[in-house]
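Asker: Build me a structure from this.
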Amino acid sequence: MEASMGTVRRVVAPAGRPYRNIGFFFLALLAMVVAGFTPPVPGTPFFGYFSRAATPVAVPMVIHLHVLVAMAWFALLSVQPFLIRAGRADLHRRLGWFSLFLIVLFTVTAVPVMKHAFENGLTQMSRNAALSMLAQPVNGLVLLLVFYALALWRRRRLHQHVACVVAASLVTATPGLARLGLYVVGGMQGILLVIVFIYATLIAFMLLAKFRYRQPVLKSPYLAIIGVFLLAHSMDVVGSQTDVWRAMAERIVAVW
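Answerer: Residues are numbered from 1 along each chain as shown. Take a look at the predicted model:
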């Protein structure tokens, strides 16, 4: 979504600009995340942030800050494509660098939020179960940083840049999507539905790149991204139940 480094401050975006409507995808993803974080999920430590944020029930300040940063991140994801669509590549680049600040804040606030969720989980489940649940947020944070770094690195390669941004958005959205799946469907079926949605989204973007933008599937960045998601989901579902992961999680908790 990068434009050439010219001297013109404002240019008119071509009508056929690739991914000119992708901002609507990010907005829809944000809506699902907000929906997922609104109701409490019975039988889980997920208390439903947006349904209790304005109540007298104490919510740690770091959670409020993390939510604000996450909302700003999604807002930036949504605005950036519309800036390109409006021919404001200059502002798109400036806000792109501002995203570095948001990613640092997101990481700094995510760690105490994970700690709070772990301690809250200990009141409702065994220690081993709480340690296993740490796999998803830890993996998610690592994946977000990896995909963000790749998006920044490949910012002049349009299709690779977009693929990494889409992957980063799905990683960021996963906690909200998982809560939405648990609330609407429930149990493992709800989680599986979310996983199917993630892969279906990646495949849809890959097919879009192939049939609309003539990008070869075998060289598609989405294939590598799907492979990374498969590894991460295998770790979340299977690897998190192993003694090896729980030992690693114990070390993480000890640092807290």
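Asker: CA atoms only: put stretch 63-70 into PDB for me.
Answerer: Written as PDB, here are the backbone C-alpha positions of stretch 63-70 (Å, rounded to 0.1, in the frame of the first residue of the first chain):
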ATOM      1  CA  ILE A  63      -6.500  -3.200  30.800                       C
ATOM      2  CA  HIS A  64      -8.200   0.200  30.000                       C
ATOM      3  CA  LEU A  65      -4.900   1.300  28.400                       C
ATOM      4  CA  HIS A  66      -4.500  -1.900  26.500                       C
ATOM      5  CA  VAL A  67      -8.000  -1.600  25.100                       C
ATOM      6  CA  LEU A  68      -7.400   2.000  24.000                       C
ATOM      7  CA  VAL A  69      -4.200   1.000  22.300                       C
ATOM      8  CA  ALA A  70      -5.800  -2.000  20.600                       C
END
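Asker: What distance do you get for D90 to A209?
Answerer: 26 Å (Cβ to Cβ, to the nearest Å). All C-beta atoms are positioned from the backbone trio N, CA, C, and that covers glycine.
Asker: Which of these two has more residues huddled nearby?
Answerer: Per other Cβ atoms under 10 Å, whichever of D90 and A209 has more neighbours is A209, with 22 against 16.
Asker: ok, the more buried one to Q160 distance?
Answerer: 10 Å.
Asker: before we move on, what about P216?
Answerer: Taking Cβ to Cβ, one finds P216 at 13 Å from Q160.
Asker: Taking the centroid of the chain, which residue is nearest it?
Answerer: Nearest residue to the geometric centre of the chain (Cα atoms, centre = their mean): T172, 1.5 Å.
Asker: Now for the nearest residue to that one once chain neighbours are set aside, how many residues are close by?
Answerer: In this structure, T172 finds its nearest non-sequential neighbour in L144, 6.0 Å apart by Cβ to Cβ, 6 or more residues apart in numbering. Counted with other Cβ under 10 Å, residues neighbouring L144 total 22.
Asker: Counting by contacts, list what the host helix or strand of the residue nearest to the centre of the chain packs against.
Answerer: Using DSSP states H and E, T172 sits in helix 158-184. In terms of contacts (3 or more Cβ pairs under 8 Å, 6 or more residues apart in numbering; DSSP states H and E), helix 158-184 is packed against helix 22-36, helix 61-85, helix 135-153, helix 187-211, helix 221-237.
Asker: what would those look like in CSV with distance to E119 and mean pLDDT?
Answerer: As requested, these are exported to CSV (distance: least, Cβ to Cβ, whole Å; pLDDT from 0 to 100):
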stretch, distance to E119, mean pLDDT
helix 22-36, 21, 94
helix 61-85, 12, 91
helix 135-153, 13, 96
helix 187-211, 23, 95
helix 221-237, 20, 95
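Asker: if we can go back for a sec, P216 and Q160: which is more packed in?
Answerer: Higher neighbour count among P216 and Q160: Q160, with 20 against 8, using other Cβ under 10 Å.
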